[in-house]
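Novice: Dropping the sequence and predicted coords here.
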Amino acid sequence: MPDRHHHHEPEDNAVTDTGMGGTMDLGMDEAETLERTPGGPEGTGPQAKPRSLWSDAWRDLRRNPVFIVSALVILFLVVISLWPSLITSGSPLACDLARAQEGSQAGHPFGFDGQGCDVYTRTVYGARTSVAVGVLATLGVAILGSVLGALAGFFGGVGDSVLSRITDVFFAIPVVLGGLVLLSVITSNTVWPVIGFIVLLGWPQLSRIARGSVITAKQNDYVQAARALGASNSRLIFRHIAPNAIAPVIVVATIALGTYIALEATLSYLGVGLKPPSVSWGIDISAASPYIRNAPHALLWPSGALAITVLAFIMLGDAVRDALDPKLR
């Protein structure tokens, strides 16, 4: 009887299409390599890890020179606010009337103000007050406004209507006039009354932003699907809605931080914010104003430091907005 030869395909081979109507045998290692190979540029293959909004935003921010410059300026301000002795060895309260209104000289590059205080030292220490007020006030505004706005936007109903009317009332209050009225009756010489005032009048803006973001996010299909599957309200808020509604709040809060620093300086300039012997750019600008003709340097340096700080935070907020807003891509 003729021998019957049985031809078995090796187990470690695979068949793939050549793309021209035929097939070819591949070893398993080669077949697996084809399956793992991305089908396009980095991040676009079938096995690539999907990118999130935050990863895309961070990638764009690292390539944005505006973000890099503003972040470096803010980092420098934070460092000298925490450790001013790194760049100055003097005391902001050490003054010598014999040197009043003197210009720049060795060891005192910014000269002296009308009280004989070193302008350079006071400008450095003034950053601590401005950064502290800006950061703490922004945190308070963001937390209070986000919580109230998110709850009102998620649950709606009477609570949403009441909150909307309350925010309308606060929007009608002029900020500087409100500061003159409220802070003039407070005798405390710390930063907390100023921070409390900013939080009191600043939360409605963040509340309205958070409310609109939550209303938009909760209408998405994935939220409706999670609700249909029985997800609780807390899970919907913290797992599905908050991560997708927080971006506008971060953008507005970052820009507002610079505004709050300018507001603190304005209130201190008017005499209702921080008061001497506290060190603040607003106090120094107010004290140097009468001597602007004889000692313009005493007004120039704290004013320039304030302008650069506010501009840095506004530029940072603009860069973050451009990175987080998909419509601007």
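Specialist: Nice, I can see it. As the structure is a computational prediction, the values presented were derived from the model and not from experiment.

Novice: Give the burial count for the nearest residue to residue 294 once chain neighbours are set aside, as a bare number.
Specialist: Closest residue to residue 294 apart from its sequence neighbours, by CB to CB, 6 or more residues apart in numbering: residue 101 at 5.5 Å. In short, each C-beta sits where N, CA and C put it, glycine included. Using other CB atoms under 10 Å, the number of residues around residue 101 comes to 17.

Novice: What backbone torsions are found at residue 101?
Specialist: Phi and psi for residue 101, reported as degrees, to the nearest 10, are phi 70, psi 10.

Novice: swap in residue 112?
Specialist: According to degrees, to the nearest 10, residue 112 has phi -130, psi 150.

Novice: Same check on residue 95?
Specialist: The phi/psi pair for residue 95 (degrees, to the nearest 10) reads phi -130, psi 150.

Novice: from here on, count from 8
Specialist: All set: I'll call the first residue 8, so the last point we hit is now residue 102.

Novice: List the residues that contact it.
Specialist: 122-124 (CB atoms under 8 Å, 6 or more residues apart in numbering).

Novice: How is residue 96 assigned, secondary-structure-wise?
Specialist: coil (DSSP: H, G, I helix; E, B strand; the rest coil).

Novice: got JSON lines for the contacts of residue 102, with neighbour count, pLDDT and secondary structure too?
Specialist: As requested, the contacts of residue 102 are exported to JSON lines (neighbours: other CB atoms under 10 Å; pLDDT from 0 to 100; DSSP: H, G, I helix; E, B strand; the rest coil):
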{"residue": "122", "neighbour count": "16", "pLDDT": "90", "secondary structure": "coil"}
{"residue": "123", "neighbour count": "15", "pLDDT": "92", "secondary structure": "coil"}
{"residue": "124", "neighbour count": "24", "pLDDT": "93", "secondary structure": "strand"}
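
Novice: In the stretch 58-207 of the chain, mark out all the helices, start to finish.
Specialist: Assigned by DSSP state H, counting those that start in this stretch, the stretch 58-207 of the chain shows helices spanning 60-69, 72-89, 126-162, 164-178, 182-190, 199-224.

Novice: and what of the stretch 208-336 of the chain?
Specialist: For the stretch 208-336 of the chain, the helices defined by DSSP H, counting those that start in this stretch cover 228-235, 240-242, 249-277, 288-295, 303-331.

Novice: Mean neighbour count, those helices: which tops it?
Specialist: Greatest average neighbour count among the helices of the stretch 208-336 of the chain goes to helix 288-295 (a mean of 24), per mean count of other CB atoms under 10 Å.

Novice: for that helix, packing partners?
Specialist: helix 126-162, helix 249-277, helix 303-331 (3 or more CB pairs under 8 Å, 6 or more residues apart in numbering; DSSP states H and E).

Novice: Give me the neighbour count for the spatially closest residue to residue 217 that is not a sequence neighbour.
Specialist: Leaving aside its sequence neighbours, residue 217 sits nearest to residue 156 (CB to CB, 6+ apart; 3.2 Å). The number of residues packed near residue 156 is 28, by other CB under 10 Å.

Novice: hang on, the earlier thing: format the contacts of residue 102 as a markdown table; extra columns: distance to residue 87.
Specialist: Formatted as a markdown table, the contacts of residue 102 follow (distance: CB to CB, whole Å):
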| residue | distance to residue 87 |
| --- | --- |
| 122 | 22 |
| 123 | 23 |
| 124 | 18 |
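
Novice: Which of the residues you listed sits closest to residue 287?
Specialist: Among the contacts of residue 102, residue 124 lies closest to residue 287 (CB to CB), at 12.9 Å.

Novice: Residues in a beta bridge with that closest one, which ones?
Specialist: residue 102 (DSSP bridges).

Novice: show me the contacts for it.
Specialist: Residue 124 makes contact with 99-102, according to CB under 8 Å, 6+ apart.

Novice: With residue 110 as the reference, measure out to it.
Specialist: Per CB to CB, to the nearest Å, residue 124 is found 14 Å from residue 110.

Novice: what do you get for residue 270?
Specialist: Residue 270 is 31 Å from residue 110, by CB to CB.

Novice: From what I see, residue 186 and residue 276 are in contact.
Specialist: No - Residue 186 is not in contact with residue 276 according to CB atoms under 8 Å; the separation is 11.1 Å.
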